[in-house]
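Colleague: output the structure for:
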Amino acid sequence: MIIPWQELAEDTLINIVESVILREGTDYGSHEQTFEQKKKALLNRIRQGSAVIVWSELHESIDIKDKTEFFK
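Modeller: Coordinates of the predicted model:
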């Protein structure tokens, strides 16, 4: 189930984003980003519509996925 980010309190949205980033682990890309940079980038993707917040009833978990995984 996709959760519209506009319906979440700002604190809740930020907590979800921070939780997802912390679960990602270490980023071994060519350019390492700080936690704050990752948070800002992910919030921007959500607000611009290129990423969506997804609740899995089966696993009782929340995640953020690329929009193209759900809308083709």
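Colleague: off-centre distance for the helix or strand in which Val54 is found?
Modeller: Val54 belongs to strand 51-56 when elements are defined using DSSP states H and E. Strand 51-56 sits 8 Å away from the centroid of its parent chain (C-alpha atoms, centre = their mean, to the nearest Å).
Colleague: packing partners of that strand?
Modeller: With contacts taken as 3 or more C-beta pairs under 8 Å, 6 or more residues apart in numbering; DSSP states H and E, strand 51-56 sits against strand 2-3, helix 35-48, strand 61-66. (Each C-beta comes from the backbone N, C-alpha and C, glycine too.)
Colleague: let's go with 6 Å and repeat that
Modeller: When contacts are defined as 3 or more C-beta pairs under 6 Å, 6 or more residues apart in numbering; DSSP states H and E, strand 51-56 packs onto strand 2-3, strand 61-66.
Colleague: list the helices and strands the shortest one packs on?
Modeller: Strand 2-3 is packed against strand 51-56, with contacts defined by 3+ C-beta pairs under 6 Å, 6+ apart.
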